[in-house]
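K.L.:
3D model of this:
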Amino acid sequence: MAKKDQHDEQLKKGLDALVAAGIATDLPTAEIVPQLRAVIGKSADMDLGAAFLLGKIASPESLDLLREMETSSSGKDLKKEIKRAFFKLSQKGLALAAGTPGDRKPAPLFERTLEIEAYMSAVDGGGGRLIWIARPQANRGLQVMQAMLHDRDGLLRVGGGHMKRKELRAMADDIRRQYGASMISIPWEFADQLIYEGYEKAKAREQNGLENFHEIRSFIGRGKPQPVTHPIYRMLADDPREGSWRERSRRLLDEPELRYWVLTDDWVRDYWSQLQEAQASPLVLNQLQKEERLAAIVRDAVKTLCTGENGKSFKRRMEDTALYFFETNRADLAKLSLAVALQVGEGDPGPLDISFLTGLVQKSFAYFVAQQKAQADEAQSSLILRP
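P.N.:
Numbering: from 1, shown residues only. This next block holds a predicted model:
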């Protein structure tokens with residue numbers, strides 16, 4: 001087993017052990033830090049899981065416990081996980097002062113950054129993702145903004161209000177039970193940028209129902225947010241396009257979160273029409289010629305997916321998916337997703353096949369076949385006269 005796979009397996013065991021110990025690992029908060037402190041030292045797996053969770057909790061208590069673990073730990077893998085946790089906390093507005101591990105103290109904090117939290121779902125089959133931004137309110141629970149964003153159309157829905165943290169956690173549990181996906185923690189500035197960009201895109205196409213957007217967002221800010229770099233480029237700094245990534249990228253389609261991904265845009269339907277015409281062509285073609293013709297249509301569709309606005313939207317989709325995989329302890333899949341995103345961002349898939357993109361286009365064509373068959377069956381059944 002590869003070293004990275006061993007680390008991922010150990011981390012999964014650690015998180016499972018923490019759940020078995022009664023510790024909530026979804027949307028972790030400062031409330032579980034004492035529980036984590038109580039189990040540290042019981043096993044290497046649990047220590048690794050605890051360090052991973054502490055990196056998601058933007059609080060001084062989390063920093064303190066990580067410093068203690070850094071001072072007392074000797075395992076190489078644990079030290080690396082602690083280092084990653086410190087980096088994640090720095091993205092949430094927490095930082096360590098310079099000095100030896102035992103002498104480090106929290107650096108001055110931006111109060112606003114410390115208080116605000118943000119979460120994002122996996123990208124669904126149609127290109128949508130759910131984003132929450134929450135800010136604690138004195139004696140009033142959380143002020144929450146919920147937004148549904150789409151790759152192409154931008155902000156579809158937005159709402160806001162007050163709720164208790166346990167209500168937000170219950171919503172996350174419902175999403176996991178119904179859709180098999182978690183809400184991951186992301187930097188709130190990045191979440192705000194995504195939502196604002198989505199609002200501008202939706203406004204440009206004159207979508208209704210967003211008239212109170214600025215009022216809902218006012219607890220974060222009123223002006224246009226400053227641009228920020230996608231967090232995945234801090235987590236995976238090196239270009240992952242090496243080795244057989246094009247061939248291995250097909251693995252992404254096997255993941256539960258991508259199981260229902262299909263491309264249903266109008267331009268895809270145009271290629272589907274070409275595919276139908278090729279299959280119904282009166283020209284006498286041998287099997288090899290027919291397969292080459294169909295493969296050429298798929299390649300052209302993949303190229304269109306990578307160009308213009310299609311490419312920009314799909315690049316962001318794959319960046320968000322890479323972030324989701326990274327935060328759900330699937331770094332190998334995160335690298336494959338980012339590799340696809342970077343290649344799509346160049347506006348061309350390149351001369352060699354990217355098995356993930358080819359598979360996605362073929363899967364989308366299969367969806368149209370099934371849809372067409374269902375419509376034909378329905379039309380046929382409507383012609384049957386029943387006494």
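
K.L.:
could I get the full set of strands for this protein?
P.N.:
With DSSP state E as the criterion, the chain has strands at 117-120, 128-137, 141-150, 154-163, 184-185.

K.L.:
tell me which of those lies nearest to A204.
P.N.:
strand 154-163 (7.9 Å; Cβ to Cβ). (C-beta placed from N, C-alpha, C; glycine too.)

K.L.:
returning to what we had before: between the strands of the chain, which one is closest to F219.
P.N.:
Using Cβ to Cβ and comparing the strands of the chain, the one that lies nearest F219 is strand 141-150, at 4.7 Å.

K.L.:
okay, the closest one in PDB with CA atoms only?
P.N.:
Extracted in PDB, the C-alpha atoms of strand 141-150 (Å, rounded to 0.1, in the frame of the first residue of the first chain):
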ATOM      1  CA  GLY A 141     -27.400  31.700  18.200                       C
ATOM      2  CA  LEU A 142     -26.100  32.100  14.600                       C
ATOM      3  CA  GLN A 143     -26.900  34.600  11.900                       C
ATOM      4  CA  VAL A 144     -26.900  32.400   8.800                       C
ATOM      5  CA  MET A 145     -27.000  33.000   5.000                       C
ATOM      6  CA  GLN A 146     -27.800  30.000   2.800                       C
ATOM      7  CA  ALA A 147     -27.100  30.100  -0.900                       C
ATOM      8  CA  MET A 148     -27.600  27.600  -3.800                       C
ATOM      9  CA  LEU A 149     -25.100  28.300  -6.600                       C
ATOM     10  CA  HIS A 150     -25.000  26.800 -10.100                       C
END
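
K.L.:
about what we covered before: E215 is nearest to which of the strands of the chain?
P.N.:
strand 154-163 (8.1 Å).

K.L.:
Provide the strand pairings for the closest one, with the direction of each partner.
P.N.:
Take DSSP bridges as the rule and strand 154-163 pairs in its sheet with strand 141-150 (antiparallel).

K.L.:
contacts for the partner strand, please.
P.N.:
Applying Cβ atoms under 8 Å, 6 or more residues apart in numbering, the external contacts of strand 141-150 come out as 126-137, 155-165, 167-168, 194-195, 198, 216-217, 219-220.

K.L.:
what do you get if the cut-off is 7 Å, keeping everything else the same?
P.N.:
127-137, 155-165, 168, 194-195, 198, 216-217, 219 (Cβ atoms under 7 Å, 6 or more residues apart in numbering).

K.L.:
the residue lying closest to R316 once chain neighbours are set aside: what's it in contact with?
P.N.:
Distances taken as Cβ to Cβ, 6 or more residues apart in numbering put D151 closest to R316, at 6.9 Å, once the chain neighbours are dropped. By Cβ under 7 Å, 6+ apart, D151 lies in contact with 127, 313-314, 316-317.

K.L.:
centroid-nearest residue for the chain?
P.N.:
Geometric centre of the chain, nearest residue: Y324, 3.1 Å, by Cα atoms, centre = their mean.

K.L.:
any idea how far A301 is from G128?
P.N.:
Distance, G128 to A301, by Cβ to Cβ, to the nearest Å: 22 Å.

K.L.:
that should have said V340, apologies.
P.N.:
15 Å.

K.L.:
check D192 too.
P.N.:
Taking Cβ to Cβ, one finds D192 at 34 Å from A301.

K.L.:
PyMOL command to pick out the buried ones of the contacts of strand 141-150?
P.N.:
Buried residues among the contacts of strand 141-150 (16 or more other Cβ atoms under 10 Å), as a PyMOL selection:
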select buried, resi 127+128+129+130+131+132+133+134+135+155+158+160+163+165+168+194+195+198+216+217
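
K.L.:
nearest to S355, of the strands of the chain?
P.N.:
Here strand 128-137 is closest among the strands of the chain (Cβ to Cβ), at 24.0 Å.

K.L.:
just the CA trace of that closest one, in CSV.
P.N.:
Provided in CSV are the C-alpha atoms of strand 128-137 (Å, rounded to 0.1, in the frame of the first residue of the first chain):
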residue,chain,number,x,y,z
GLY,A,128,-25.1,23.1,-8.0
ARG,A,129,-23.6,23.4,-4.6
LEU,A,130,-24.9,24.7,-1.3
ILE,A,131,-23.0,27.3,0.7
TRP,A,132,-23.6,28.4,4.3
ILE,A,133,-22.1,31.4,6.0
ALA,A,134,-22.7,31.7,9.7
ARG,A,135,-21.8,34.3,12.3
PRO,A,136,-22.4,33.9,16.1
GLN,A,137,-24.7,36.5,17.6
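
K.L.:
chain center to that strand: distance?
P.N.:
14 Å (Cα atoms, centre = their mean, to the nearest Å).

K.L.:
and that strand, what's its mean pLDDT?
P.N.:
Regarding strand 128-137, the rounded mean pLDDT is 93.

K.L.:
again with stretch 362-372
P.N.:
Averaged over stretch 362-372, pLDDT sits at 87.

K.L.:
same deal with stretch 240-255?
P.N.:
Stretch 240-255 carries an average pLDDT of 96.

K.L.:
can you check stretch 322-340 too?
P.N.:
On average, stretch 322-340 scores 94.

K.L.:
repeat for stretch 259-266
P.N.:
Stretch 259-266 comes out at a mean pLDDT of 90.

K.L.:
what is the end-to-end distance of it?
P.N.:
21 Å (Cα to Cα, to the nearest Å).

K.L.:
and it, how far out from the chain's middle?
P.N.:
17 Å.

K.L.:
got a list of contacts for it?
P.N.:
125-126, 360-361, 363-364, 367.

K.L.:
so where's this structure uncertain?
P.N.:
1-5, 91-114, 279-287, 377, 379-387 (pLDDT under 70).

K.L.:
from E291, how far out is the nearest residue to E61 once chain neighbours are set aside?
P.N.:
Leaving aside its chain neighbours, E61 sits nearest to V33 (4.4 Å; criterion: Cβ to Cβ, 6+ apart). V33 sits 59 Å away from E291, taking Cβ to Cβ as the criterion.

K.L.:
again, but for L130
P.N.:
40 Å.

K.L.:
before we move on, back to that, pick out the most distant pair among the contacts of stretch 259-266.
P.N.:
So, the contacts of stretch 259-266 by Cβ to Cβ: farthest apart are G126 and V361, at 15.7 Å.
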